[in-house]
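Participant: Sequence plus predicted model, see below.
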Amino acid sequence: MKKFYLIILLTLTAGAIQAQTKKKAKPLNICEPTTYVHASIGGGIHNLCYDLGSYGTRGIGLGGMFTGGITHFFTDNFGATAGLMLNYTGTSAKINTVESIENAIDEESNPYIHQTHFYDLKERQSVFSVGIPIGGYYQHEIGKKFKVTGGAGVIVSIPLSGSYKTKSGYLETKGYYPEDRLTLEGMSQHHEFKAQDFSGVFELKPSISPFLQAGAVYCINKEWSATAGVYFAYGVNSVVKNKKPYLYDPDCMSADAYRNPTYNSVCESPAADKINTLSVGIMVGAAYNIGNIFNRKKKPTEKPIEIKTIEVPDSILVANVDDAELQIIETEPFSEVQPVVDEIQPADTQIVAIDVKKELSLNGFNMQFAFNDSTAILNTRYQNYLNQIAEDMKENPEKIIIITGHTCDIGSYDANYKVALRRAGFAKQQLMQRGISANRIKTQSKAYLEPLVPNTSEENRKINRRIEFKYLKE
């Protein structure tokens, strides 16, 4: 029974290790200079911010936004973003006050004070606007598939429409005659009545709002990512375009008036002096990496070193290794690895064929790597090759070896150059651990410039992700 439990435990442990290995074998979110197109939808508190003072109270409004745009990273971590935003803002106000108009004139040309009493009159305002967000952006890796992001900038917003509608409560107009200490109400000839249903439009002007964003990115694959985060924006200028003298204007300043009474929105009345915009909420979306489209064919700024090779047809051995045989481990970069430009002068070197009595040929021995990885747990075949190289170099102390790193064509030249150089550095470290002096091992990177096969399929790209060993003689 104990053996049975032991077998189950070992099986589960092996499965967990394999799952963890597969998880680490796919670094999907490497931060690098690239370009994303993205879209997101969000919602939360979207308010017109104003203080009603003695007129009443303002409620919390809800709204939402849809944003599409493009973000370009100039470095691994820093970039700029721009886009287009559609925004909806909803705000409510409840009015409880008395608005008085002095020196009103009744139908008999007698002066009086016109009063408008508001009883829990609730007005709802709705604003649709289009905005242009522009700012800086930051990204940082926190795992094989996750990043954290943040951005800051400004949004230039242009209102498309503003409307209002009363939802509940009512207003009532009255006439007060100070000399007689008399209040009249409900008299139609004085335009005194109760009303509650008002609606219309109001005009706002463009605004500028600083914004902040923060969130996380989950990389689904090398192109697509899912995003989630929070946002905050506040307008620095008032968006009120027109101001009217009264919230309710009965047109009562002459005996023959009362024909065109007007209810003005809270936004255009003395009730709200300054109106700013506020948006706080959460958002979700998706991003697509289009950087590879532009960077894949990018040419290097300097011409790589050309090394003249000697054809050795009878001595070529190519290590074809399945992905299952190659496992990835986490290691620190090797600080001693330097580009070969400072180490090798082509005019002073030449390639020589090595002794193949031990069935060892370096002109054609390729060690393959998984995508974007620069270190590997070596399988038995690779271990044997490295052991034979080290043994041969110990027997021939005059020999110098050059290790060249290669990549497939996914990504920019600069990023691939670094990855390929790290791969060559990994192999250099392996030989140094086998007793070979560092000054006898040279490294260089060719990035994606010298593929073995065309980068037309994932199988071909696996072949091109490799390092090559060749002997030099100084």
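Facilitator: Right, received. Where do you want to start? Numbering: from 1, shown residues only.
Participant: how about Gly53, what does it touch?
Facilitator: If a contact means CB atoms under 8 Å, 6 or more residues apart in numbering, then Gly53 has Ala271 as its contacts. C-beta here means a position set from N, CA and C on the backbone, and glycine is covered the same way.
Participant: Start from the N-terminal end of the protein and give the helices.
Facilitator: Remark: helices assigned in the chain by DSSP state H are 2-24, 291-295, 380-395, 413-433, 458-464.
Participant: Mean pLDDT lowest where, among those helices?
Facilitator: Among the helices of the chain, helix 2-24 has the lowest mean pLDDT, at a mean of 47.
Participant: Tell me how many other residues crowd Ser163.
Facilitator: By other CB atoms under 10 Å, 14 other residues sit near Ser163.
Participant: For Thr91, see how far away it is.
Facilitator: The gap separating Ser163 from Thr91 is 12 Å, by CB to CB, to the nearest Å.
Participant: Phi first, then psi, for Leu452.
Facilitator: Backbone torsions of Leu452, given as degrees, to the nearest 10, read phi -70, psi -40.
Participant: what about it, how many neighbours?
Facilitator: Neighbourhood size, Leu452 [other CB under 10 Å]: 13.
Participant: rewinding a little: give me the common contacts of Ser163 and Thr91.
Facilitator: Gln125.
Participant: quick one: low-confidence ranges for this protein?
Facilitator: Along the chain, the parts satisfying pLDDT under 70 run over 1-30, 186-193, 255-259, 292-378, 473-474.
Participant: how's it carved up into domains?
Facilitator: 26-293, 298-473 (automatic domain parsing).
Participant: Isn't Ser265 up against Gln125?
Facilitator: Yes. Using CB atoms under 8 Å, Ser265 is in contact with Gln125, at 6.7 Å.
Participant: who touches both of these two?
Facilitator: Counting by CB under 8 Å, 6+ apart, the residues touching both Ser265 and Gln125 are Tyr164, Phe202.
Participant: Centroid-wise, who is the farthest residue in this structure?
Facilitator: Using CA atoms, centre = their mean, the residue of the chain lying farthest from its centre is Asp180. It sits 71.0 Å away.
Participant: quick one, phi psi at that residue?
Facilitator: According to degrees, to the nearest 10, Asp180 has phi -100, psi 0.
Participant: mind checking how far it is from Tyr88?
Facilitator: Per CB to CB, Asp180 is found 51 Å from Tyr88.
Participant: same deal with Leu472?
Facilitator: 68 Å.
Participant: repeat for Lys165
Facilitator: Per CB to CB, Lys165 is found 15 Å from Tyr88.
Participant: Tell me how many other residues surround Ala272.
Facilitator: Neighbour count of Ala272, defined by other CB under 10 Å: 25.
Participant: which one is it nearest to, not counting chain neighbours?
Facilitator: Nearest residue to Ala272, sequence neighbours excluded (CB to CB, 6 or more residues apart in numbering): Tyr50, at 3.7 Å.
Participant: Who does Gly69 form a beta bridge with?
Facilitator: Bridge pairing for Gly69 (DSSP bridges) gives the partners His38, Gly83.
Participant: residues contacting it?
Facilitator: Shown in contact with Gly69 (CB under 8 Å, 6+ apart): Val37, His38, Ala39, Thr81, Ala82, Gly83, Leu84, Pro133.
Participant: ok, the first one - how many residues close by?
Facilitator: Under the neighbour criterion other CB under 10 Å, Val37 is assigned a count of 14.
Participant: go on, Gln383?
Facilitator: With other CB under 10 Å as criterion, Gln383 counts 12.
Participant: how close does it sit to Ser279?
Facilitator: Relative to Ser279, and taking CB to CB, Gln383 is found at 59 Å.
Participant: picking up where we left off before, TSV please, covering the contacts of Gly69 and showing distance to Leu204.
Facilitator: TSV is the format used below for the contacts of Gly69 (distance: CB to CB, whole Å):
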residue	distance to Leu204
Val37	31
His38	28
Ala39	26
Thr81	26
Ala82	24
Gly83	22
Leu84	19
Pro133	19
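Participant: out of those residues, which are buried?
Facilitator: Applying 16 or more other CB atoms under 10 Å to the contacts of Gly69, the neighbour count classes His38, Thr81, Gly83, Pro133 as buried.
Participant: Next up, the contacts around the residue nearest the centre of the chain.
Facilitator: When CA atoms, centre = their mean is applied to the chain, the residue found nearest the centroid is Thr149 (6.0 Å). Applying CB under 8 Å, 6+ apart, we find Thr149 in contact with Tyr137, Tyr138, Gln139, His140, Gln213, Ala214, Gly215, Ala216, Val217, Thr227, Gly229.
Participant: What count of nearby residues applies to the closest residue to it other than its chain neighbours?
Facilitator: Closest residue to Thr149 in three dimensions, ignoring its sequence neighbours and counting by CB to CB, 6+ apart: Gln139, at 4.9 Å. By other CB under 10 Å, the residues close to Gln139 number 21.
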